[in-house]
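*Asks:* turn this into a structure:
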Amino acid sequence: MADQLTLDGTKLRIAESTEKSDSLQQVFPGSYWEDRFNRAALKTKYELTAPSVAMDVQSKVKSLSETLASFRWPDQGFALSSGRLVVNDPFLNNNITSSLTHKDDYQRYYRYYSRGFIGEAETSLDAGTYKFNMALGSSSKGIEVEVTDRMTNDELLEAVRDAVNDSSLPVQAHIFKQNAIGANPDDLMGTGSALAFSVNTAYVVTAENKGESTQDLAAANKLSFSDTSGHLISNLDLYATQEPIGPAKEGLYNLSNAVAGGPSQFLSKAFDVNADTTLTAGDHTIDYTIGAESGTINLHVDADDDWDTVLTRIANAASSTSDKIDAEVVDAKLVSPVYTGDDYYLIDGKAVSITAVNPKIGERLELEPGSGLDVLGLNVTAHPGDDAQMTVNGFTEVRAPGEFALDRGRVTVELENGFGGSLPLRVVDAVTEMEKNVGLITDGYNDLRKAILPAEDLFREGFADLWRDPVSDNEIDLEWIGLKEAEEDKLLWFDSDAFYDALLADPDKVRELLEDEEDGLFTRWQDVNDDIIENKVSSYLIPETSLPGPWLPEPSPRTELELEVKRELVDTFEDSFDFDLDDPADDNGRLVSTKG
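*Replies:* From the prediction side, this is the model:
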């Protein structure tokens, strides 16, 4: 007797003959039941692997995104063959911002050095008052230095240093002592005690920040000195440091012992702006000191003023008192007077912030509120301010603000957060670095594709093509720069020699192919990455409801293509399935019903 099985009370048997008609072979066992069993297997695969696959792909997408972000094109105004790139140690990325300066914006930190003096020897200048002008761009300040009898050279240099540092111009004076030429810093030629004048590169005028000014950049940043009474500047025998020439030097900078700085800042307590002020009506004062400057901030309070009016008046008075002070009303939170019995609630309020503007090294803003202003709480949340400090290749440098100019201004490091141990920063050849990064990006793309393809059936249709389409859309040009698909999985192969040749032949075209705002390969990849990371890879998995077991109702179609296939399957089944289901002696090898 032929084998029998029972399903839902219906007896089914397989006829003796194993031959099948072509039409039914295509319709019944070869598509419908096979599809059901395949989907059951896919459901099992989905349940067992989908979460881990999604996590793996998400990790690969983030890795590719980070690698793409590391690719940069040199922009120093030099030919690509002499271009440079700066590369941070990964642990530096959250602590500093590094960049290479465009050749048109080169500015040295140290501008002038004096000759060397024997510090303990008496100065050759006669006692008296000496005056000179110090100018930076179009701004100029008169400086006075008092020379006393038997003053030593060290005392004279200290007096000049202090007078310059007390001026409002962003010029800093330093005293160096060295026994050998170039020991500290490397371009200081004098031995003994020498005076150095510097301008923090954070204050220089560049093509980007000059705005509508028509002033020449060189003139806007020129530092100069001239005697107006006596010959103090002549006695110092100042000489300008050399202008940098050519691109930044390739090399290594070891950065360590970094302490982030910031200006002095005072923040009042928060107040309800609609509430009446509790300050007494009348005149009030806040005394201030910053560097060598001191003065008084004056304000008036009327009897019917609310806190919004008072805070605004304090901010305006502070800002207009000195160009070394800035103030503004800021958003803040305060405790609600409503108490629920369980907890207090915070409500929106306002506070006044008073901050030092462009302080020099060692400059701190100090405020002394007058009688009756204690309610402002200005000194409660005060930030005293700090100078930025960092050791570069063994030499400790101090800056205010925290922008460090290396390689005579060709490399800029802005310190954002402090760190301890020594971390490297490298200046490298641009072409070599770009070749390396394109290779790493190619590896990242291939790693992502290898993670997706074995589990492609778990994702919505076309998921893997989100990254492949930018490649296939421009395969000829990409092959010209060394990127070519290969093998069955369409992985990318990178030919670094072809990339190098393309860079030298037509760098603008290479850059367009990779970084064009709309059609660049790297741009399109990063756009896809951003969308995937925002939406999460798990949202691109097929709906689990489309994967029932083999004996459950037909699953809902996942795509338009499946809808069309389903319609064609039903039409074919109706046209071909015209035989007697109750005839157990059918010789065509079909499952037939014997219930009855």
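
*Asks:* low-confidence stretches in this protein?
*Replies:* Where the chain drops to pLDDT under 70, the residues are 1-41, 338-344, 546-596.

*Asks:* and the helices in it?
*Replies:* Secondary structure of the chain (DSSP state H): helices at 22-27, 34-69, 153-165, 217-220, 232-236, 307-321, 430-452, 465-472, 475-480, 496-505, 507-515, 521-535, 560-576.

*Asks:* any chance of the ones you listed in TSV, plus mean neighbour count and distance to residue 128?
*Replies:* Placement of C-beta: from N, CA and C, glycine included. Output for those, formatted as TSV (neighbours: other C-beta atoms under 10 Å; distance: least, C-beta to C-beta, whole Å):
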stretch	mean neighbour count	distance to residue 128
helix 22-27	14	113
helix 34-69	16	61
helix 153-165	19	12
helix 217-220	14	33
helix 232-236	20	10
helix 307-321	19	34
helix 430-452	19	56
helix 465-472	16	75
helix 475-480	14	75
helix 496-505	15	64
helix 507-515	16	62
helix 521-535	16	67
helix 560-576	12	95
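
*Asks:* between those, which gets nearest to residue 404?
*Replies:* Residue 404 sits nearest to helix 153-165 of all the helices of the chain, at 18.9 Å, using C-beta to C-beta.

*Asks:* out of the helices of the chain, flag the one nearest residue 272.
*Replies:* Nearest of those to residue 272, taken as C-beta to C-beta: helix 307-321 at 6.3 Å.

*Asks:* which other helices and strands does that closest one contact?
*Replies:* The contact analysis (3 or more C-beta pairs under 8 Å, 6 or more residues apart in numbering; DSSP states H and E) places helix 307-321 against strand 282-290, strand 293-301, strand 325-339, strand 344-356.

*Asks:* could I get those as JSON lines with distance to residue 161 and mean neighbour count?
*Replies:* Below are those laid out as JSON lines (distance: least, C-beta to C-beta, whole Å; neighbours: other C-beta atoms under 10 Å):
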{"stretch": "strand 282-290", "distance to residue 161": "18", "mean neighbour count": "17"}
{"stretch": "strand 293-301", "distance to residue 161": "17", "mean neighbour count": "15"}
{"stretch": "strand 325-339", "distance to residue 161": "24", "mean neighbour count": "15"}
{"stretch": "strand 344-356", "distance to residue 161": "20", "mean neighbour count": "18"}
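
*Asks:* ok, which of those strands comes nearest residue 70?
*Replies:* strand 344-356 (35.0 Å).

*Asks:* and the angle from the closest one to strand 293-301?
*Replies:* Relative orientation of strand 344-356 and strand 293-301, computed by axes from the mean of the first three to the mean of the last three C-alpha atoms, to 10 degrees: 140 degrees.

*Asks:* circling back: need the helices and strands packed on helix 307-321 in a markdown table (columns: distance to residue 139).
*Replies:* Shown next, in a markdown table, are the helices and strands packed on helix 307-321 (distance: least, C-beta to C-beta, whole Å):
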| stretch | distance to residue 139 |
| --- | --- |
| strand 282-290 | 18 |
| strand 293-301 | 16 |
| strand 325-339 | 18 |
| strand 344-356 | 19 |
